[in-house]
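Visitor: predicted structure and sequence below. I'll ask about it afterward.
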There are 2 protein chains.
Amino acid sequence: MTYVASHTLAAGQAAEIKLKETVASYMSASLITLRRGMKAGDARAHMLGQLRDDDVPAQIFVTDDSGFLHGRLSLKTLLTERNDARPVCELMQPIDYSVEPGQLRRDVAPELQEKSPDTVPVVRGGKLAGALYEREIASLIRDEETDDAQRQGASLPLDTPYLATSPWALWKKRLPWLLLLFAAEAYTSTILQVFEEQLEAVIALAFFIPLLIGTGGNSGTQITSTLVRAMAVGEVGLRNLGAVLRKEVTTSVMIALAIGLVGLFRAWMLGVGNEVALVVCLTLVAITVWSAIVSSIIPMVLKKMRIDPAVVSAPFIATFIDGTGLVIYFNIAKLVIADLA
Amino acid sequence: MTYVASHTLAAGQAAEIKLKETVASYMSASLITLRRGMKAGDARAHMLGQLRDDDVPAQIFVTDDSGFLHGRLSLKTLLTERNDARPVCELMQPIDYSVEPGQLRRDVAPELQEKSPDTVPVVRGGKLAGALYEREIASLIRDEETDDAQRQGASLPLDTPYLATSPWALWKKRLPWLLLLFAAEAYTSTILQVFEEQLEAVIALAFFIPLLIGTGGNSGTQITSTLVRAMAVGEVGLRNLGAVLRKEVTTSVMIALAIGLVGLFRAWMLGVGNEVALVVCLTLVAITVWSAIVSSIIPMVLKKMRIDPAVVSAPFIATFIDGTGLVIYFNIAKLVIADLA
């Protein structure tokens, strides 16, 4: 009795679907499969005969003659089954999780992190197209995290490992985001020009600009980086928006009180007068809470729009807070300082 | 003939060495081992009898009666060996990579990412203490990356998953870094106070403060986030300092020229005069290159000091660049603007 049960995609087919950043570019297309009509003893011999390297799959997929996926058989079951005549289809278990070759890496990575399966079949139209074993899953997740880390640094992801990337290629990956952020940040100059009169009247207000907008950016970055990571490992999704917002606003109020007090003390140290000190304190409180709201919502909104939330980098948040923070600062100043009213 | 070959640490022993963030807290202490004197047939039966769940190890460790590790045997070799009487020690391969239970997670993670082994023995004083299988390796790397992501966001790593962390716990993890950064950033107020005279003479200089220091922070963040990630996956180490510095300085000069030109145009748009526009342009060039040097060196220096380079967060770099950037800005202003000399 002979079987031609091993399921190997032709090289041409594999290349055709090998698109960047999809499941297809990670899956192993050459894999050991069993036919559902096989008997346990033959299946065991077939499996052992097909082993090429030291990687032994913990799960072996079971198909029919047309390549449709019917189930999976654990290596343990196959090796320990005592009745060699028992058919594979009696031993196999149903498929509870599969992916498609065309799915984007960033869409499957959170699921893979959350479920941490040891083997995932890649299925197209019900037929087995390949599999992700632990090595392929680890490689997919590692690449996705490298991309995320680079996006979190406000750079486009590199196509090659860092050391192999030329300065010219780095320039092309970094300049677009840098120019975009520059354009967004350029409005801060316009805002400051609008408040030129107030600045000239109370020059001490200028002293605190970097401190106030910097602190707003920092507290926002703390939130987005934690949140983006929790979303990447599948812990947080859109369903958690309410819980995240409550948690972050509560935390930010407590942080705002601490930072506001320290800021009051710092302004007093510089001897800029009680009014400016009060403005600095109130602005710190307002910016910290504002930053928390923005930083909790934006990653969720992007996810909803099917944009990778990892683009919400520290520079992105800092730029957003810089402009809005200045508006908050000068409006509080106009309210508090009698001369500016 | 009986063997007591399975090597299981008592629960008490496992707890004793279960320290946070060490290899010991990830390793599987209950594992199937073979004795070197076993015959292949007996070893196979022993292995199959010990299988508890669907996880079948691809490599099985071989010890002597005292628990000293002598080698490893691939499952494939064990299953396909036809001569049942052959001793295990003739089939086994030497151990080429092992870790110790007390090693820190952050020290082994880059090696594990780089080598991507499927099984790693954990050895203490030559004796087998446990093993990291693919699942344990993935879990160790995932936790280390979550910590890194939080450090990169200028927060202390959380002890619990994000959704399970209370606002009070978040407050305690975030406030220390926020206060530290606030203290470091507070010097910007002192610097601006020192240059009060120049600011009052040319108030337009104030308009560009957020834009200039923001851009310096952004370009530095692009570098540190890429570099910290490359160090975390083991691609870049201290040995690459020269190559990294050359690559980053070259890239930053090209970026500085582009950003400097755009900045010149932006200052001209605001109608602040040729002198201020030139100061803005020159400062952008200087800050971008300065930021690149700082951002390339600091992660390496921290690594050398055995501090996790992931603490070089965007807020860390932004804070560092804010103060030094202002000094660069006002010194260029004093050189270029005749009235300030």
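Guide: Done, it's in. Residues are numbered from 1 along each chain as shown, chains lettered A, B, ... in the order given.

Visitor: buried sites along stretch A:252-272?
Guide: By neighbour count on 16 or more other Cβ atoms under 10 Å in any protein chain shown, the buried set for stretch A:252-272 is A:252, A:254-256, A:258-260, A:262-264, A:266-267, A:270, A:272. For glycine as for every other residue, the C-beta is placed from the backbone atoms N, C-alpha and C.

Visitor: closest to residue A:241 out of those residues?
Guide: Set against residue A:241, the nearest of the buried residues of stretch A:252-272 by Cβ to Cβ is residue A:252 (15.9 Å).

Visitor: just the pLDDT at the nearest residue to that closest one once chain neighbours are set aside, thanks.
Guide: Leaving out its chain neighbours, the residue that sits closest to residue A:252 by Cβ to Cβ, 6 or more residues apart in numbering or on different chains is residue A:292, at 3.3 Å. Looking at residue A:292, its pLDDT stands at 96.

Visitor: name the residues of whatever helix or strand residue A:292 lives in that are buried.
Guide: Per DSSP states H and E: residue A:292 is located in helix A:274-304. For helix A:274-304, burial by neighbour count (16+ other Cβ under 10 Å) applies to A:275-292, A:294-296, A:298-300, A:302-303.

Visitor: picking up where we left off before, wait, doesn't the residue nearest to residue A:252 sit right on residue A:247?
Guide: No - using Cβ atoms under 8 Å, residue A:292 is not in contact with residue A:247, being 9.7 Å away.

Visitor: next, residue A:34: secondary structure please.
Guide: strand (DSSP: H, G, I helix; E, B strand; the rest coil).

Visitor: compute the distance between it and chain B, please.
Guide: Relative to chain B, residue A:34 is positioned 16 Å away (criterion: Cβ to the nearest Cβ, to the nearest Å).

Visitor: contacts only, for that residue.
Guide: Residues counted as contacts of residue A:34 (Cβ atoms under 8 Å, 6 or more residues apart in numbering or on different chains) are A:5, A:43, A:46-47, A:60-63, A:73, A:88.

Visitor: now do the SS call for residue A:84.
Guide: Going by three-state DSSP: residue A:84 is coil.

Visitor: now the helices: where do they sit in the stretch 1-150 of chain A?
Guide: Here the stretch 1-150 of chain A has its helices, by DSSP state H, counting those that start in this stretch, at A:11-16, A:40-50, A:75-80, A:88-91, A:105-115, A:134-152.

Visitor: as TSV, these with mean neighbour count, mean pLDDT and distance to residue B:225 would be great.
Guide: Listed next are the helices of the stretch 1-150 of chain A as TSV, based on neighbours: other Cβ atoms under 10 Å in any protein chain shown; pLDDT from 0 to 100; distance: least, Cβ to Cβ, whole Å:
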stretch	mean neighbour count	mean pLDDT	distance to residue B:225
helix A:11-16	12	38	33
helix A:40-50	18	89	43
helix A:75-80	18	88	41
helix A:88-91	18	90	49
helix A:105-115	18	89	17
helix A:134-152	22	90	6
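
Visitor: lowest-pLDDT helix or strand in chain A?
Guide: Across the helices and strands of chain A, the lowest-confidence element by mean pLDDT, DSSP states H and E is helix A:11-16, at a mean of 38.

Visitor: ok so, going back, let me know the closest of the contacts of residue A:34 to chain B.
Guide: Distance to chain B across the contacts of residue A:34 (Cβ to the nearest Cβ) is lowest for residue A:47, with 8.8 Å.

Visitor: surely the closest one and residue A:74 touch.
Guide: No - counting by Cβ under 8 Å, residue A:74 is not a contact partner of residue A:47; they are 11.7 Å apart.

Visitor: how close does the residue nearest to residue A:204 when sequence neighbours are not counted get to residue B:209?
Guide: Distances taken as Cβ to Cβ, 6+ apart place residue A:272 nearest to residue A:204, at 4.1 Å, with adjacent residues excluded. Plainly put, residue A:272 is 17 Å away from residue B:209 if you go by Cβ to Cβ, to the nearest Å.

Visitor: mind pulling up the pLDDT for residue A:182?
Guide: 94.

Visitor: and it, how far from chain B?
Guide: Going from residue A:182 to chain B by Cβ to the nearest Cβ gives 6 Å.

Visitor: now for that residue, how many residues are close by?
Guide: By the other Cβ atoms under 10 Å in any protein chain shown criterion, the neighbourhood of residue A:182 contains 22 residues.

Visitor: name the helix or strand for it, please.
Guide: With elements taken from DSSP H and E, the one containing residue A:182 is helix A:167-194.

Visitor: following the chain onward from that helix, which element is next?
Guide: With elements assigned by DSSP H and E, the helix or strand that comes after helix A:167-194 is helix A:196-201.

Visitor: do I have it right that residue A:240 meets residue B:163?
Guide: Yes - between residue A:240 and residue B:163 there is a contact at 6.6 Å, judged by Cβ under 8 Å.
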